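A.B. asks: pasting the sequence and the predicted model now:
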Protein chains: 2
Amino acid sequence: MARTREFDLDAAVNAAMDVFRRKGYEGTSMRDLSEATGLGSGSIYAAFGSKDGLYLAALDLYRQRYAAPMVDLLRSGNDARAVIREVFIGAVDDITGDGRHLSCLIVGASMERAHQDVRVAERLRSTTQSLELALYDLLAEAQLRGQITTDRSATDLAGFLVTSLQGLRVMGAITPDRAALTRYAEVALTCLD
Amino acid sequence: MARTREFDLDAAVNAAMDVFRRKGYEGTSMRDLSEATGLGSGSIYAAFGSKDGLYLAALDLYRQRYAAPMVDLLRSGNDARAVIREVFIGAVDDITGDGRHLSCLIVGASMERAHQDVRVAERLRSTTQSLELALYDLLAEAQLRGQITTDRSATDLAGFLVTSLQGLRVMGAITPDRAALTRYAEVALTCLD
DNA sequence: CACTATCTGGAACGATCGACAAAGTACCGC
DNA sequence: GCGGTACTTTGTCGATCGTTCCAGATAGTG
């Protein structure tokens, strides 16, 4: 009993996400978002309420697409070292994936939006914590099995690994050198020894 | 034979730097900069040419004030482990220093401006490289003396440490927990063992 | 002291910002 | 096919953007 929505909402959020990753929140205008999504600004406001709303939707999509699979991988039950290395290599691949300068939305939001929008801050903390928790469970188990060092608590090791991942994102933005980033990641993994 | 400039140029750049650290490049308006520096927009444009010019000046000041002393410390000739730990603790202090939400301008510029302005990108690469080089020299020497591991090249260790520093800045923006960040930094230092 | 080169703050520029309202369009149940 | 409903488009709103210009203020020169 009504006209059906013509555009694919997920596709629109996906297009918006790419723009936000490339230009940041403040650097992206509604005009940019209209062009990227192919929608008129009216449709955007009807669907998302505001620029902030679309940004939050993009951030949620990013978490769902990139952070959640990481957690799944960490909880897959495979060898701790192997999955953690896989996560790091996947991150490096993502960073140096193509020349489209798609920065990490998590890191970008952390630097640009976390202090301005509490809803963004909440999502960032939630994402980071779920990643840390998955790492913690994996590391604590590995410690019990004597597979990794017990010199440091699993909590600290997990936090450190997340920190390293964030650092790789930043370094990749300055110098997207895949080989170098991979070696830095390998050094980080030696902290488990 | 003319009127002399009345305001302190360095003080103005310093005030602008704080605003850029708090709100980012795009998030800062000329109005913000006028209020922060106490200058009319005319004076700002006469002194710096443009908003970009003032941003570059702020970035240079940041490098001079925070990055350069780090390099000096690393080259002071003291024990490698000790000075590196000092650098990391100093970074954590800087991150959690006060509640003014003064993010790292280097990381902020990396995520927001590196892809848009080549002059920013050059400065970021230069800063990162000089830091890496100072670390490399220090680590290579320490390796010769058998003070740190030789399992990894000094190059990789240096790059990894810089990566960790960047990561700490990001984590600090999400959760400014001094104790946690300190423990993460300590884990990073174990990579030298 | 008068002159003048420079600096100063603020007014004003066109452009663009995010947001919104109204009009037009396509789809549904009947 | 018709009425009603939701979605899309278009145009425009006041505000603010970065920038420029100007008139007045000021300090050094002769």
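C.D. replies: Sure thing, it's come through. Numbering: from 1, shown residues only, chains lettered A, B, ... in the order given.

A.B. asks: and the lowest-mean-pLDDT helix or strand in chain A, how far out from the chain middle?
C.D. replies: Taking mean pLDDT, DSSP states H and E as the measure, chain A has helix A:41-48 as its least confident helix or strand, at a mean of 90. Between the centre of helix A:41-48 and the centre of its chain there are 25 Å (Cα atoms, centre = their mean, to the nearest Å).

A.B. asks: that helix near DNA strand D at all?
C.D. replies: Yes: for helix A:41-48 and DNA strand D, the contact criterion (Cβ under 7 Å from any atom of the strand) is met by A:41-43, A:46-47. No exception for glycine: its C-beta is placed from N, CA and C like everyone else's.

A.B. asks: show me the contact partners of that helix.
C.D. replies: A:7, A:9, A:12, A:30, A:33-34, A:37, A:39, A:54, A:57 (Cβ atoms under 8 Å, 6 or more residues apart in numbering or on different chains).

A.B. asks: which of the residues you listed sit farthest apart?
C.D. replies: Across these, no pair lies farther apart than A:9 and A:30, at 17.2 Å, counting by Cβ to Cβ.

A.B. asks: show me what counts as buried in stretch A:168-179.
C.D. replies: Using 16 or more other Cβ atoms under 10 Å in any protein chain shown as the test for burial, stretch A:168-179 gives A:168-177.

A.B. asks: can you check stretch A:143-161 too?
C.D. replies: A:143, A:148-149, A:152, A:154-161.

A.B. asks: Serialize these to a markdown table and add fields for distance to residue A:126, secondary structure and pLDDT.
C.D. replies: Putting the buried residues of stretch A:143-161 into a markdown table (distance: Cβ to Cβ, whole Å; DSSP: H, G, I helix; E, B strand; the rest coil; pLDDT from 0 to 100) gives the following:
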| residue | distance to residue A:126 | secondary structure | pLDDT |
| --- | --- | --- | --- |
| A:143 | 25 | helix | 98 |
| A:148 | 26 | coil | 97 |
| A:149 | 28 | coil | 97 |
| A:152 | 25 | coil | 97 |
| A:154 | 20 | helix | 98 |
| A:155 | 17 | helix | 98 |
| A:156 | 20 | helix | 98 |
| A:157 | 21 | helix | 98 |
| A:158 | 15 | helix | 98 |
| A:159 | 15 | helix | 98 |
| A:160 | 20 | helix | 98 |
| A:161 | 18 | helix | 98 |
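
A.B. asks: ok, and which of those residues reach chain B?
C.D. replies: Residues of the buried residues of stretch A:143-161 in contact with chain B (Cβ under 8 Å from any Cβ of the partner chain): A:152, A:156-157, A:159-160.

A.B. asks: farthest-separated two in the residues you listed?
C.D. replies: Among those, A:152 and A:159 lie farthest apart (Cβ to Cβ), at 10.0 Å.

A.B. asks: please enumerate the shared neighbours of the two.
C.D. replies: The contact lists of residue A:152 and residue A:159 share B:183, B:187, where a contact means Cβ under 8 Å, 6+ apart.

A.B. asks: quick one: residue A:58 from residue B:117, how far?
C.D. replies: Separation of residue A:58 from residue B:117 (Cβ to Cβ, to the nearest Å): 24 Å.

A.B. asks: low-confidence stretches in chain A?
C.D. replies: A:1-7 (pLDDT under 70).

A.B. asks: look through it and state the residue closest to chain B.
C.D. replies: residue A:167 (2.8 Å; Cβ to the nearest Cβ).

A.B. asks: tell me which element that residue falls in.
C.D. replies: helix A:154-174 (DSSP states H and E).

A.B. asks: show me where chain A has its helices.
C.D. replies: A:9-23, A:30-37, A:41-48, A:51-62, A:68-74, A:80-95, A:105-112, A:118-144, A:154-174, A:178-189 (DSSP state H).

A.B. asks: buried ones in the last one?
C.D. replies: Pointing back at helix A:178-189 there. A:180-185, A:187-189.

A.B. asks: report the entries of those that also contact DNA strand D.
C.D. replies: Near DNA strand D, by the rule Cβ under 7 Å from any atom of the strand, you find none of these.

A.B. asks: closest to DNA strand D among the residues you listed?
C.D. replies: Using Cβ to the nearest atom of the strand, residue A:181 comes nearest to DNA strand D of the buried residues of helix A:178-189, at 32.8 Å.

A.B. asks: can you give me every residue that contacts the closest one?
C.D. replies: Residue A:181 touches A:92, A:95-96, A:168, A:171-172, counting by Cβ under 8 Å, 6+ apart.

A.B. asks: what about it, distance to residue A:193?
C.D. replies: For residue A:181, the distance to residue A:193 - Cβ to Cβ - is 20 Å.

A.B. asks: with residue A:111 instead?
C.D. replies: 32 Å.

A.B. asks: what do you get for residue A:178?
C.D. replies: 24 Å.

A.B. asks: what does residue A:182 give?
C.D. replies: Counting by Cβ to Cβ - residue A:182 and residue A:193 are separated by 18 Å.

A.B. asks: ditto for residue A:17
C.D. replies: 37 Å.

A.B. asks: contacts for stretch A:22-36, please.
C.D. replies: A:15-16, A:18-20, A:39-41, A:44, A:51, A:54-55, A:100-103, A:108-109, A:112-113, B:24-27, B:111-112, B:115-116.

A.B. asks: hang on, the earlier thing: just the helices of chain A: most buried one?
C.D. replies: Comparing these by mean neighbour count (mean count of other Cβ atoms under 10 Å in any protein chain shown), helix A:105-112 ranks first with a mean of 27.

A.B. asks: next up, the contacts around the residue nearest to residue A:90 when sequence neighbours are not counted.
C.D. replies: Excluding the flanking residues, the one nearest residue A:90 by Cβ to Cβ, 6 or more residues apart in numbering or on different chains is residue A:70, at 7.4 Å. The contact partners of residue A:70, by Cβ under 8 Å, 6+ apart, come to A:87, A:90, A:131, A:134.
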